[in-house]
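A.B. asks: sequence and predicted model, in that order:
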Amino acid sequence: MSRSVLVTGANRGIGLAIAAAFAEKGDKVALTYRTGEPPELKATGDGAILPVRCDITSTEDVERAFTEIEAAHGPVEILVANAGITRDTLVLRMTEQDFTDVLDTNLTGSFRVAKRAAKGMLRLRRGRLIFISSVVGLSGSPGQVNYAASKAGLVGMARSLAHELGSRSITANVVAPGFVQTAMTAELGEDRKKQILDAVPLGRYAQPEEIAGVVTFLASPEAAYITGAVVPVDGGLGMGH
């Protein structure tokens, strides 16, 4: 059966790979983007693709996006909260605006979409909430106080939602990627790339499709009894966290 899926921040990288993975399974996939041109994806089988411009820092924008998605695909059954930003700098140089901007997008933005999605899931008495965190949210990282705080917050959010919504067959889980081969990591200097790879037991970056595979598993019937979990996909970088 084709399901109604929403992936936020799906214009590139991990988000786009996740949206593509659901589309390949024949799901009806809505994908949000904030700026630029809408991403191009093709649906298969009974699936459908709906790009929706949405700024998740705006409650009004989130409500408008959900109204559009529900009219086209029905209530969202699977939410993947992936949208996020960085404002990296050392703490003494970090402004309050740097901190609050990252928290408002990465953490509060995820709260906005999860709260709105939960309304429909409660009526359906089923649903999957999947939050894309980061190994940095578990281990910390210099220059990323704001980003690490926002990604760590997703763990507490997901586990609280797992308690609140579990009786209605709604699961809430977190995927914590490590370093992933994207346009962002491609811009790193060679010394920094070597430093990263030396710390990863598997000795390579993840591919976006490897993150997508874990996400689609958590949305599958086989994962119906998994909730409140944090699944690392980091090549061993965060072992012990």
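C.D. replies: Perfect, thanks for sending it.
A.B. asks: Val80: neighbouring residues, count only.
C.D. replies: Here the number of neighbours of Val80 (other CB atoms under 10 Å) works out to 31. From N, CA and C alone the C-beta is placed, and that goes for glycine too.
A.B. asks: show me what the helix or strand where it lies is packed against.
C.D. replies: Following DSSP states H and E, one finds Val80 within strand 78-81. Applying 3 or more CB pairs under 8 Å, 6 or more residues apart in numbering; DSSP states H and E, we find strand 78-81 packed against strand 4-7, helix 13-24, helix 109-124, strand 127-132.
A.B. asks: and these: which comes nearest Thr59?
C.D. replies: Minimum separation from Thr59 across the helices and strands packed on strand 78-81 (CB to CB) falls at helix 109-124, 5.9 Å.
A.B. asks: tell me what angle the closest one forms with strand 127-132.
C.D. replies: Counting by axes from the mean of the first three to the mean of the last three CA atoms, to 10 degrees, helix 109-124 lies at 170 degrees to strand 127-132.
A.B. asks: which strand runs longest in this protein?
C.D. replies: Longest strand in the chain, counting residues (DSSP state E): strand 170-177.
A.B. asks: can I get that strand as CSV, trimmed to CA atoms?
C.D. replies: Provided in CSV are the C-alpha atoms of strand 170-177 (Å, rounded to 0.1, in the frame of the first residue of the first chain):
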residue,chain,number,x,y,z
ILE,A,170,3.0,5.7,16.8
THR,A,171,6.8,5.1,17.0
ALA,A,172,9.4,7.8,17.5
ASN,A,173,13.1,7.1,16.7
VAL,A,174,16.3,8.9,15.9
VAL,A,175,18.9,8.2,13.3
ALA,A,176,22.4,9.6,14.1
PRO,A,177,24.6,9.7,11.0
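A.B. asks: adjacent strands (with direction) for it?
C.D. replies: strand 127-132 (parallel), strand 230-233 (parallel) (DSSP bridges).
A.B. asks: okay, those, which one's buried deepest?
C.D. replies: Most buried of the strands paired with strand 170-177 by mean neighbour count (mean count of other CB atoms under 10 Å) is strand 127-132; its value is a mean of 26.
A.B. asks: so for that strand, what's the average pLDDT?
C.D. replies: Across strand 127-132, the average pLDDT comes to 98.
A.B. asks: helix 13-24 and that one, what's the angle between them?
C.D. replies: Strand 127-132 runs at 150 degrees relative to helix 13-24, counting by the same axes, to 10 degrees.
A.B. asks: okay, and the helix or strand of this protein with the least pLDDT?
C.D. replies: helix 183-186 (a mean of 73; mean pLDDT, DSSP states H and E).
A.B. asks: report all helices and strands that that helix contacts.
C.D. replies: Under the contact rule (3+ CB pairs under 8 Å, 6+ apart), helix 183-186 is not packed against any helix or strand.
A.B. asks: contacts for that helix, please.
C.D. replies: Helix 183-186 has contacts (CB atoms under 8 Å, 6 or more residues apart in numbering) with 12-13, 179, 193, 205.
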